[in-house]
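Chemist: Need the 3D shape of this:
(one chain, ligands or ions: 1)
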Amino acid sequence: MWLKKFLNKIIDFVYPRKCYLCNKIIIKPDEFLCDYCSKNLKINTKIRVLNHQNNIICISPFEYFGNIRNSIRRFKFHNYKYYSEFFAKIIASELQKINIKNFDYICYVPLTKSRQNIRGFNQAELLAKDISKILHIPCLNALRKIKNTKTQHELKLSERTVNVLGAFDINSDVNIQNKNILLCDDITTSGNTLLECVKILLNHNANSVTCCTIARSRN
Ligand SMILES: [Zn+2]
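Modeler: The predicted structure follows:
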């Protein structure tokens, strides 16, 4: 045991752990955040209605700007896969606070195979798997992306619905009949991507779909 602690100390010395938000070196290596970010962390969970007709809501603890934006970008584009645990913990805790229960499965917004091969991972899948561990709800690989799309926030609002139309399909052998599903993604902008996935899940007879993301973006 002492050897493990000793080796961990050497690793912390050579590769000091950095704050997940401001990226400065952390003195307490067991924490996610530095003292400053920990004290100033503003979790401002918003429940946004994405579709009134089917009562589809999305729960997001953060707004996509400042250090949260930088952190999500490191997570997605710079291979900081381990950030998933931190974000999942916050999303799971917020879901517990608003007391939405009885999810049968956690699913995630997929990437195309080519995009996933380039990035090496799907950040939404990592989040879903970590939330799954915390909330003890099985993670289901229900969806696949069958069409390459442009990045949503680079498009005009009017172009976003068309961009993701027909982009997703259900995986074969997946049975979600009468199941209540938590659908996970990293950020939401217009909500069109989530709604396109929701449409597929409801068309395959899911009972309900609730969405969650780390952050919501205003544009
Ligand atoms: Zn910090």
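Chemist: When you work out contacts or count neighbours from here on, use the C-alpha atoms and nothing else.
Modeler: OK.
Chemist: what's the spacing between A215 and L183?
Modeler: As judged by Cα to Cα, to the nearest Å, A215 and L183 stand 14 Å apart.
Chemist: For this structure, which segments count as strands?
Modeler: Secondary structure of the chain, counting by DSSP state E: strands at 46-51, 56-60, 62-63, 105-108, 143-145, 168-170, 180-188, 208-216.
Chemist: I'd like those strands laid out as CSV, including mean neighbour count.
Modeler: Converted to CSV, the strands of the chain look like this (neighbours: other Cα atoms under 10 Å):
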stretch, mean neighbour count
strand 46-51, 16
strand 56-60, 22
strand 62-63, 21
strand 105-108, 26
strand 143-145, 19
strand 168-170, 21
strand 180-188, 24
strand 208-216, 24
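Chemist: Which one, of those, ends up nearest to the ion?
Modeler: Closest of the strands of the chain to the ion is strand 62-63, at 15.8 Å (criterion: Cα to the ion).
Chemist: Neighbouring strands - and their directions - for the closest one?
Modeler: The strands beside strand 62-63 in its sheet (DSSP bridges) come out as strand 208-216 (parallel).
Chemist: Can you check what angle separates the strand it pairs with from strand 56-60?
Modeler: Counting by axes from the mean of the first three to the mean of the last three Cα atoms, to 10 degrees, strand 208-216 lies at 30 degrees to strand 56-60.
Chemist: Name the residues of the longest helix seen in the chain that are buried.
Modeler: Ranked by residue count, the top helix of the chain under DSSP state H comes out as helix 83-97. Buried residues in helix 83-97, counting neighbours by 16 or more other Cα atoms under 10 Å, are found at Y83, S84, E85, F87, A88, K89, I90, I91, A92, S93, E94, L95.
Chemist: what's the closest of those to the ion?
Modeler: Y83 (13.5 Å).
Chemist: Name the nearest residue to that closest one, ignoring sequence neighbours.
Modeler: F75 (6.0 Å; Cα to Cα, 6 or more residues apart in numbering).
Chemist: can you give me the helices for this structure?
Modeler: Listed in chain order, the helices of the chain (DSSP H) span 2-14, 35-40, 66-77, 83-97, 113-119, 123-135, 157-164, 192-203.
Chemist: CSV for the ones you listed, including distance to Q53 and mean pLDDT?
Modeler: Formatted as CSV, the helices of the chain follow (distance: least, Cα to Cα, whole Å; pLDDT from 0 to 100):
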stretch, distance to Q53, mean pLDDT
helix 2-14, 51, 71
helix 35-40, 37, 93
helix 66-77, 31, 95
helix 83-97, 22, 95
helix 113-119, 32, 91
helix 123-135, 26, 97
helix 157-164, 17, 86
helix 192-203, 12, 96
